[in-house]
Structure formats: structure tokens, C-alpha cells
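Trainee: Sequence below, structure please.
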Amino acid sequence: MTKPWQIWLVLIAIFATGTAGGWLLARHVARRSAPRPPPPEVWAARQMERVADEVQLTPEQKERIKPIVTANIDELVKLRRQALDILDQMGKQIATELTPEQRTKYEKILEEHRAARRQAQELRNARHRADGAPPGGEQPPPPPPKKGTGT
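Mentor: Numbers count the residues shown, from 1 in each chain. From the prediction side, this is the model:
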């Protein structure tokens, strides 16, 4: 016959397992559904529209400011690419310090990261195509927010 403390131990183990499993599942879902920042081109268009609305830019000012925003966005994209190149270089340097077995595991991890970056880029490109803009091209600005009438 089982003793009461054994039943309690099993119940506590079941509760702890459920709690840990729920926490892991919630963490996984939160990582997958976390909002991602928009591509730089979309952010720039939104920022430009917001500034234009808030300070009432004239059409001439918009035309003069647009190349400034575009040039700086292009610079940010270049810096991002440089950062990715530096990360790749760092990975190669780290790999030289590992044993062959460790290196195999590490290279697999790096390839998974590269695949994830490629997949993210493909998703961004698909989103651009769906919006009617070429990949890497400038996004049309979003429509201005509608002002409520105050019901």
C-alpha cells in the first residue's frame, strides 16, 4: 500500500513538471510572436511623415529632406552589413580555438543562425513584394492617422 507522502510527492512532481512546461511554452511563444521592428526604409518613411505632419513641412522642404533621410538609411544598412561581416569573422576566429568536435557543433550553430537570417530576409522581401515595392526599395509612406471626431 502506498504511503500518503508518496502520493504528495507524485502530485508535487506533476505540478512542478506542468509549471516548467507551461513556462517553457510561454517563453517559446513570446519569442516567436515578439513584434519585429520594421525595415529601415519603412521606418524612415514613417518618421518622415510624422515630422512632416507635426511641423507642417512644405512640399519643398519634404523634397529637400527626403535625400537626407535616404542617404542616412543607406548608411545604416551598410553599417548593419558590416556588423554581420564582423560577426562572421568573429565566428571564424572562435572556431580556430575549438577542438574538431567543438568546431563541428559550433559551425552547425552558425549555419542555423545564417539560415535564420536568410529566412528573415526572404520574409522581408516577400512583404516588400506584397506591398508593391521592390526589395530594398523605399516603402510608400503609411496613410496619415485619421483624426477622430470625438464621439
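Trainee: What residues sit buried inside stretch 108-118?
Mentor: The neighbour-count check on stretch 108-118 (16 or more other C-beta atoms under 10 Å) flags residue 110 as buried. C-beta: built from backbone N, CA, C; applies to glycine.
Trainee: so where do the helices sit in this protein?
Mentor: Applying DSSP state H to the chain gives helices spanning 4-33, 40-55, 59-96, 100-130.
Trainee: Reformat these as JSON lines; add mean pLDDT.
Mentor: Output for those, formatted as JSON lines (pLDDT from 0 to 100):
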{"stretch": "helix 4-33", "mean pLDDT": "85"}
{"stretch": "helix 40-55", "mean pLDDT": "84"}
{"stretch": "helix 59-96", "mean pLDDT": "88"}
{"stretch": "helix 100-130", "mean pLDDT": "84"}
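Trainee: Pick the most deeply packed of these.
Mentor: helix 40-55 (a mean of 16; mean count of other C-beta atoms under 10 Å).
Trainee: now stretch 46-62: how far from the chain's centre is it?
Mentor: Centroid separation for stretch 46-62 versus its chain: 27 Å, with C-alpha atoms, centre = their mean, to the nearest Å.
Trainee: Sorry, slip of the keys, the one I care about is stretch 20-35.
Mentor: For stretch 20-35, the distance to the chain centre is 16 Å (C-alpha atoms, centre = their mean).
Trainee: And the contacts of it?
Mentor: Taking C-beta atoms under 8 Å, 6 or more residues apart in numbering as the criterion, no residue outside stretch 20-35 touches it.
Trainee: For that stretch, list the C-alpha coordinates in PDB.
Mentor: Extracted as PDB, the C-alpha positions of stretch 20-35 are listed here (Å, rounded to 0.1, in the frame of the first residue of the first chain):
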ATOM      1  CA  ALA A  20       8.000  24.200 -16.000                       C
ATOM      2  CA  GLY A  21       6.400  23.000 -19.300                       C
ATOM      3  CA  GLY A  22       4.000  25.900 -19.300                       C
ATOM      4  CA  TRP A  23       6.800  28.400 -18.600                       C
ATOM      5  CA  LEU A  24       8.900  26.900 -21.500                       C
ATOM      6  CA  LEU A  25       5.900  27.000 -23.900                       C
ATOM      7  CA  ALA A  26       5.100  30.600 -22.900                       C
ATOM      8  CA  ARG A  27       8.700  31.600 -23.400                       C
ATOM      9  CA  HIS A  28       8.800  29.900 -26.800                       C
ATOM     10  CA  VAL A  29       5.500  31.600 -28.000                       C
ATOM     11  CA  ALA A  30       6.700  35.000 -26.700                       C
ATOM     12  CA  ARG A  31       9.900  34.800 -28.700                       C
ATOM     13  CA  ARG A  32       8.100  33.800 -31.800                       C
ATOM     14  CA  SER A  33       5.400  36.400 -31.600                       C
ATOM     15  CA  ALA A  34       7.500  39.300 -30.400                       C
ATOM     16  CA  PRO A  35       7.000  42.300 -32.700                       C
END
